[in-house]
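Colleague: model this:
(one chain, ligands or ions: 1)
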Amino acid sequence: MEKIIPFAHKLLEEVVTRNDITVDLTAGKGNDTLFLARISKYVFCFDIQEKAIEYSKELTKDYNNIKFICDNHENLLKYVNTKIKGAIFNLGYLPGENKDITTKAESTLNAIKSVLAILDHGGRCVIVVYPGHKEGYKEALALDDYLSKLPQQQFEVIKYKFINQINNPPYILAIERI
Ligand SMILES: C[S@@+](CC[C@H](N)C(=O)[O-])C[C@H]1O[C@@H](n2cnc3c(N)ncnc32)[C@H](O)[C@@H]1O
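Modeller: Here you go, the predicted structure:
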């Protein structure tokens, strides 16, 4: 079966074309930014840490279709005022760095609401959720609560999860605007 990150990318690849704008809300080490730079016309890439922006710039140095923004992703609409076809959140903290600098339920929900405000018809927002640490668990509950109430006439929402794995493994939530 498809693993979590490949499946997250596949969900985006199915709808994003070379004419589309995309957003990476959590740059981290830049792997998702690199993926989006390859499949879309232009990528807006956010991270709250300068260090993550530097990692991501280095990984994507062969691409000139990325705008890097070092700010909280809940400020998305300050920087992006165009329709987008794809967005990805890879939640949690920067691997190998300070685990206290992690995504949090409230700002993640604010950022998702902003993404949905500019998500085009047929566009998808993919969220990789890590419920295995304390903050991630709170975030997972808040996301389930909010996303399960999105109106089904406007959005399809799925969860992709390996339900027989131990230690609260990561899983995917994905939203498509109909
Ligand atoms: C798991 S990492 C992302 C992995 C990354 N997408 C990759 O491909 O390597 C999560 C990132 O989210 C960032 N982050 C945490 N809170 C944030 C916020 N409120 N706004 C923007 N970025 C945030 C962290 O600094 C960290 O780099």
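
Colleague: and Gln49, backbone torsions?
Modeller: Dihedral angles phi and psi of Gln49 (degrees, to the nearest 10) take the values phi -110, psi 130.

Colleague: isn't it right up against Cys70?
Modeller: Yes. Under the criterion of Cβ atoms under 8 Å, Gln49 is in contact with Cys70, at a separation of 7.4 Å. For the C-beta atoms, the positions are set from N, CA and C on the backbone; glycine is no exception.

Colleague: neighbours around the closest residue to Asp47 other than its chain neighbours, how many?
Modeller: Take Asp47 and drop its neighbours on the chain: the residue closest to it by Cβ to Cβ, 6 or more residues apart in numbering is Ala27, 3.8 Å away. Around Ala27 there are 31 other residues, counting by other Cβ atoms under 10 Å.

Colleague: what pLDDT does the model give Phe68?
Modeller: Predicted confidence (pLDDT) at Phe68: the value is 98.

Colleague: give me the element it is part of.
Modeller: Phe68 is located in strand 66-70, with elements delineated by DSSP states H and E.

Colleague: next, the buried residues of the next helix or strand after that strand.
Modeller: Using DSSP H and E, the helix or strand that follows strand 66-70 towards the C-terminus is helix 76-79. By neighbour count with 16 or more other Cβ atoms under 10 Å, helix 76-79 contains the buried residues Leu76.

Colleague: on that earlier part again, helices or strands up against the strand holding Phe68?
Modeller: In this structure, strand 66-70 makes packing contacts with strand 42-47, helix 50-59, judged by 3 or more Cβ pairs under 8 Å, 6 or more residues apart in numbering; DSSP states H and E.

Colleague: sorry, back to before: what do Gln49 and Cys70 both touch?
Modeller: Shared contacts of Gln49 and Cys70, defined by Cβ atoms under 8 Å, 6 or more residues apart in numbering, are not found at any residue.

Colleague: what about the residue of the chain found nearest the ligand, which SS state?
Modeller: Sorted by distance to the ligand under Cβ to the nearest ligand atom, the residues of the chain start with Gly28, at 2.4 Å. Following DSSP: H, G, I helix; E, B strand; the rest coil, Gly28 is assigned to coil.

Colleague: sorry, back to before: is the ligand contacted by the strand holding Phe68?
Modeller: No. No part of strand 66-70 sits near the ligand under the criterion Cβ under 6 Å from any ligand atom; the closest distance found is 8.7 Å.
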